[in-house]
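Asks: What follows is a predicted protein model with its sequence.
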Amino acid sequence: MRRPTTIGTIEPKRTRAARVGRERRELDRFESLVVELSAAMARAPADAVDREIESWLGNICQALGLDRSAVYERDAPGEPVRTTHTWLRANSPPFPRHYDPGKFFPKTADWIMAGNHLMFSRPSDIPVELADVRRFVERYGPKASAAIPMWAGGKVIGAATFGKFRSPREWSPELLDHLALAVRLFGSAIERKQSVTAMRAARAELRTASRRNLMSELVASLSHEINQPLGAILSNLGGLARLLTKGNPQPAMALEAVNNAIEDTNRAAEIVRRIRFMFKKHVEHKTAIDIGALVNEVVKLTAGEAAVRKISVQIEVSPSVDRVIGDSIELQQCVLNLLMNAFDAIAEAKSDRRGVTIKVAPEKTGWVGVSVSDSGAGVDPAVANRLFEPFVTTKSEGMGLGLLVTRSIVESHGGAIWSTPNPDRGATFTFTLPVAEGKRASASRSAG
Amino acid sequence: MVDDDASVRRALRTQLQILGFNVLDFPSAEEFLASEFPTGDACLLLDVYMPGMSGIELCRRMVESGRRLPTILISGRDDQQTKKMMRDANPVASLLKPFDEKTLLRAIRKALPNQSSLLH
């Protein structure tokens, strides 16, 4: 590291004392600025990191009387060095705003990216071996500059430069230490932003894949539903046409074929109506939800149905359950679907034990599980792993879409759904939902 | 004929009777297996997707037990997976619902070559 130098000037004693005093005050101010910067970087959410860095480059330049500052990033050794953040004082001499340091001074760029500092108080200070940056400085005219490698996670991920165009300036070792700390803070904020971005991209990709899969299953399922009555209509009309060609020898049969076709057409229309209802456009609105209260609400809604079917419904909400993040209408539909499935399972099994238990409890860290257990006949192991596919159903009635819709809602909330056989009888369906951060469901805690 | 959908069963039964066939129909593969097998010239019209035992599984069981009937598979789905399943079951013909009389007769003709004089 080069010591500040005043070679070539003779400084009167009084002037020197005044300069030292000025530098001391500037250093103290800068030190508290870096403390503020540190707090701001720690607070900044990933989305705000870039904006924060640019505004702090400005703050640093203002505090030190500099004219231009920039942050450069390099994704990996061998990759180009990119200008990612800049601050330029108004009315500064023209400077290539997004220039490529690797092209203008490849040797010096490599040298800095290898972890070396470069600073000069006047262009003549630049070491002769770094001729490329010397030419650049002579052309674009910064009078003084400090280039500091940016470390994060044990490696150099870029660099930051701080330049003055109007006049030379000194860089004391203490000042350089503070600048290096500021650059390190930028580095760790950038690294944090990158890992959040990468995680988000991975998550979005997963979601799209599962949704695409779900959509194709849905389309196949709906076409199957519609093709059933269409096939029946075609058979009935085919038979009728055949009878009429023969001079209608069996009028009763012809009438039956016509009546069948009418009934099948109505059934097709009913399927279309149900599909439309099921996928009615609903603007998703996610909030923090007390899932225990939501379950209570759905159970109340179905109390009439439960009474008619002579089924008792128990609710157990764990006192330590947090609020979840979700769309309350969609989640009501999930609980309702599973509850109605449980009712049907009990009805089909003609079981004498007619009970459903809904449990709400923490599931892993950051998740809440909602499970619905019935005392029905249980799930046939042959279809257990296909239950969430369309029109796989163990019921004599129904389209086999309820669990598919439930799965689609749960997955759009980031959760999962599965079924397990009960040790005694029946099955348990469980789905998970993410906890709303920082919010506790105090209502369900007191209801416990 | 084996199909879990009552209206499909009813319609196909009516159509086939009008065409002059004797029709026995079953709402599930299990009920079909438990029944007396038809004798003489007969073929099986078999739905692929049914709750409980699927049409594909029924084909497999029949091959295993050596009880053979020329089989026409019918399905309301035509996705890749279903098509492959149907091909692998090696039926006489595969029909996608909805199908017209001509298509149905062509399949039955393949299944019952000796009765082709009946059908036109």
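Replies: Alright, I've got the coordinates. Residues are numbered from 1 along each chain as shown, chains lettered A, B, ... in the order given.

Asks: And the pLDDT at residue 12?
Replies: Chain wasn't specified; assuming chain A. Predicted confidence (pLDDT) for residue A:12: 75.

Asks: Sorry, I should have been clearer: chain B.
Replies: 95.

Asks: Name the nearest residue to it, ignoring sequence neighbours.
Replies: residue A:235 (5.1 Å; Cβ to Cβ, 6 or more residues apart in numbering or on different chains). For every residue, glycine as well, the C-beta is placed using N, CA and C.

Asks: residues contacting the one you found?
Replies: By Cβ atoms under 8 Å, 6 or more residues apart in numbering or on different chains, residue A:235 lies in contact with B:8, B:11-12, B:14-15, B:101, B:104.

Asks: at 6 Å instead, please
Replies: Counting by Cβ atoms under 6 Å, 6 or more residues apart in numbering or on different chains, residue A:235 touches B:11-12, B:15.

Asks: any idea whether it is helix, strand or coil?
Replies: helix (DSSP: H, G, I helix; E, B strand; the rest coil).

Asks: Distance of it relative to residue A:249?
Replies: 19 Å (Cβ to Cβ, to the nearest Å).

Asks: ditto for residue A:134
Replies: 107 Å.

Asks: now do residue A:191
Replies: The value you get for residue A:191 to residue A:249, if Cβ to Cβ is used, is 85 Å.

Asks: neighbour count winner among the two?
Replies: More neighbours surround residue A:191 than the other of residue A:191 and residue A:249, with 17 against 10 (other Cβ atoms under 10 Å in any protein chain shown).

Asks: Can you report how many residues lie near the closest residue to the more buried one other than its chain neighbours?
Replies: Once flanking residues are discounted, residue A:191 sits nearest to residue A:152: 4.1 Å by Cβ to Cβ, 6+ apart. Applying other Cβ under 10 Å, we find 20 other residues in the vicinity of residue A:152.

Asks: what pairs with the nearest residue to residue A:99 once chain neighbours are set aside across the strands?
Replies: Leaving aside its chain neighbours, residue A:99 sits nearest to residue A:83 (6.8 Å; criterion: Cβ to Cβ, 6+ apart). With DSSP bridges as the criterion, residue A:83 is bridged to residue A:72.

Asks: Can you show me the helices along chain B?
Replies: Along chain B, the segments classed as helices by DSSP state H run B:6-18, B:29-34, B:55-64, B:80-88, B:101-111.

Asks: Can I get these in CSV including mean neighbour count and distance to residue A:198?
Replies: Formatted as CSV, these follow (neighbours: other Cβ atoms under 10 Å in any protein chain shown; distance: least, Cβ to Cβ, whole Å):
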stretch, mean neighbour count, distance to residue A:198
helix B:6-18, 21, 51
helix B:29-34, 16, 50
helix B:55-64, 18, 43
helix B:80-88, 14, 33
helix B:101-111, 17, 53
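
Asks: any idea which of those helices scores lowest on pLDDT?
Replies: helix B:80-88 (a mean of 88).

Asks: what does that helix rub up against?
Replies: With contacts defined as Cβ under 6 Å, 6+ apart, helix B:80-88 is touched by B:56, B:73, B:75, B:94.

Asks: so, if you compare those, which one comes nearest to chain A?
Replies: residue B:75 (7.8 Å; Cβ to the nearest Cβ).

Asks: Could you give the bridge partners of the closest one?
Replies: Applying DSSP bridges, one finds that residue B:75 bridges with residue B:96.

Asks: Give me the distance between it and residue A:223.
Replies: Per Cβ to Cβ, residue B:75 is found 11 Å from residue A:223.

Asks: next one: residue A:45
Replies: 45 Å.

Asks: So for those two, which residue has more residues nearby?
Replies: When residue A:45 and residue A:223 are compared for neighbours, residue A:223 comes out ahead with 17 against 10, by other Cβ under 10 Å.

Asks: After the helix or strand harbouring the more buried one, which helix or strand is next?
Replies: For residue A:223, the host element (DSSP states H and E) is helix A:173-245. Following helix A:173-245 in sequence order, the next helix or strand is helix A:251-278 (DSSP H and E).

Asks: how big is the angle separating that next one from helix B:6-18?
Replies: Helix A:251-278 and helix B:6-18 meet at an angle of 150 degrees, taking axes from the mean of the first three to the mean of the last three Cα atoms, to 10 degrees as the criterion.

Asks: So, low pLDDT: which residues of chain A?
Replies: A:1-11, A:93-98, A:202-218, A:221, A:277-283, A:351, A:381-401, A:438-448 (pLDDT under 70).
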